[in-house]
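>>> build the 3D model from these lines:
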Amino acid sequence: MQDNILRKEQEFHDQWAAAIDVDGIRVADYFEACTAPENRFILRHLGDVRGQRLLDLGCGAGENSVYFALKGAHCIASDYSPGMVDVAIKLADKYGVRVEGKVINAMAIDFPDNTFDIVYASNLLHHIPQPEQTIREMYRVLKPGGKACFWDPLKHNPVINVYRRMATAVRTEDETPLDIEIVDFVRSQFSHIAYDTFWIATLWIFLRFYLIEKINPNDERYWKKIIIEHERLRPTYRQLEKVDRLLKKLPGMKRMAWNLAIVATK
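Numbering: from 1, shown residues only. A predicted model of the protein is given here:
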């Protein structure tokens with residue numbers, strides 16, 4: 001069963017990789033755009049990455065590896081999809097940085113204990129049959145004092161769950177958004193964690209895409225669109241982000257966000 005899930009994930013992402021145009025990727029936007037709050041949170045808690053050895057786990061098209069390489073980190077772009085690893089290397093070449101590529105099963109990371117200063121993963125764990133095992137592996141390959149940084153979708157918000165049921169062509173059938181209780185598991189493994197959640201009122205932007213702009217969620221990936229069009233979306237997003245800050249002060253509201261971001265120290 002687990003092998004079948006991984007095989008389907010690999011095939012889906014290999015097909016996606018074949019359609020990616022690296023010339024259209026603006027790496028900085030994925031970390032610095034207003035609509036990238038998860039990565040902006042992670043950057044605040046990471047600090048200077050120059051000279052750090054970083055494993056980008058589930059690298060996708062390589063935006064993360066290239067961004068950190070541009071900041072001076074020594075990056076390994078790893079993914080279970082060979083096609084995505086190839087795209088990541090092409091993107092690194094485009095930006096003139098050196099990134100090593102490696103095909104890796106995130107539940108059994110092919111590196112010795114205490115290898116990396118940073119393990120970074122974006123939108124990975126909800127594709128993993130056993131996300132806790134991947135978190136244990138992240139801990140294992142980190143050096144003492146090293147940091148695991150990841151962000152992923154949560155399962156609790158009804159609006160985003162409607163979107164998930166509609167956007168079947170741009171998602172894999174076995175992916176499973178996380179429960180907010182994953183925070184407690186990470187806390188049990190690491191010496192210190194910082195976390196936050198993002199996108200509650202700001203999810204109005206997804207509703208606007210569908211209800212007002214009439215964008216079929218199977219024709220365009222909404223989570224890519226918010227990055228690509230961040231300049232157009234900035235006024236709306238910034239206003240709604242203020243509402244989110246207030247909402248998250250209410251008991252139980254953090255779990256109603258779309259995404260969770262964690263920085264954990266070994």
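>>> quick one: low-confidence parts of the chain?
Confidence mapping of the chain against pLDDT under 70 gives the ranges 1, 14.
>>> residue nearest the centroid of it?
For the chain, residue 122 is the residue whose C-alpha lies nearest the centre (C-alpha atoms, centre = their mean; 1.9 Å).
>>> what's across from that one in the sheet?
Here residue 122 sits in beta bridges with residue 151, going by DSSP bridges.
>>> against residue 239, how distant is it?
With distances taken as C-beta to C-beta, to the nearest Å, residue 122 is found 26 Å from residue 239. Backbone N, C-alpha and C define where each C-beta goes, glycine included.
>>> likewise residue 69?
Relative to residue 239, residue 69 is positioned 34 Å away (C-beta to C-beta).
>>> surely residue 197 forms part of a strand?
Yes: the assignment for residue 197 (DSSP: H, G, I helix; E, B strand; the rest coil) places it in a strand.
>>> just give me the neighbour total for it.
Using other C-beta atoms under 10 Å, residue 197 has 26 other residues around it.
>>> how about residue 128, nearest residue that isn't a chain neighbour?
residue 134 (5.1 Å; C-beta to C-beta, 6 or more residues apart in numbering).
>>> now do the contacts for that neighbour.
By C-beta atoms under 8 Å, 6 or more residues apart in numbering, the residues touching residue 134 are 57, 106-107, 121, 124-125, 128.
>>> 7 Å instead?
Residue 134 sits next to 106-107, 125, 128 when contact means C-beta atoms under 7 Å, 6 or more residues apart in numbering.
>>> that one in helix, strand or coil?
Applying three-state DSSP: residue 134 is helix.
>>> so how far is residue 121 from it?
Taking C-beta to C-beta, one finds residue 134 at 8 Å from residue 121.
>>> show me where the stretch 101-250 of the chain has its strands.
Here the stretch 101-250 of the chain has its strands, by DSSP state E, counting those that start in this stretch, at 116-122, 142-153, 192-198.
>>> helices and strands around the longest one, which ones?
Meaning strand 142-153. Here strand 142-153 touches helix 37-46, strand 116-122, strand 259-265, going by 3 or more C-beta pairs under 7 Å, 6 or more residues apart in numbering; DSSP states H and E.
>>> which of these sits most buried?
strand 116-122 (a mean of 25; mean count of other C-beta atoms under 10 Å).
>>> tell me the angle of that one relative to helix 37-46?
Between strand 116-122 and helix 37-46, the angle comes out at 170 degrees (axes from the mean of the first three to the mean of the last three C-alpha atoms, to 10 degrees).
>>> what lies in contact with strand 116-122?
Residues outside strand 116-122 that contact it (C-beta under 7 Å, 6+ apart): 46, 49, 52-58, 64, 138, 141-143, 146-151.
>>> for stretch 67-82, list the C-alpha coordinates in CSV.
Extracted in CSV, the C-alpha atoms of stretch 67-82 (Å, rounded to 0.1, in the frame of the first residue of the first chain):
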residue,chain,number,x,y,z
TYR,A,67,16.9,30.8,-3.0
PHE,A,68,19.0,29.4,-0.2
ALA,A,69,22.0,28.9,-2.5
LEU,A,70,21.7,32.5,-3.6
LYS,A,71,21.9,33.4,0.1
GLY,A,72,25.2,31.4,0.5
ALA,A,73,24.0,28.0,1.7
HIS,A,74,25.4,24.7,0.3
CYS,A,75,22.2,23.0,-0.9
ILE,A,76,21.1,19.5,-1.9
ALA,A,77,17.8,19.5,-3.8
SER,A,78,16.1,16.2,-3.1
ASP,A,79,12.8,14.7,-4.2
TYR,A,80,11.2,11.3,-4.7
SER,A,81,10.5,12.5,-8.3
PRO,A,82,13.6,12.3,-10.5
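>>> run through who's touching that stretch.
6, 9-10, 13-14, 17, 27-28, 30-31, 49-60, 62, 65, 85, 88-89, 92, 95, 97-106.
>>> which of the residues in stretch 8-22 are buried?
9-10, 12-14, 16-17, 20, 22 (16 or more other C-beta atoms under 10 Å).
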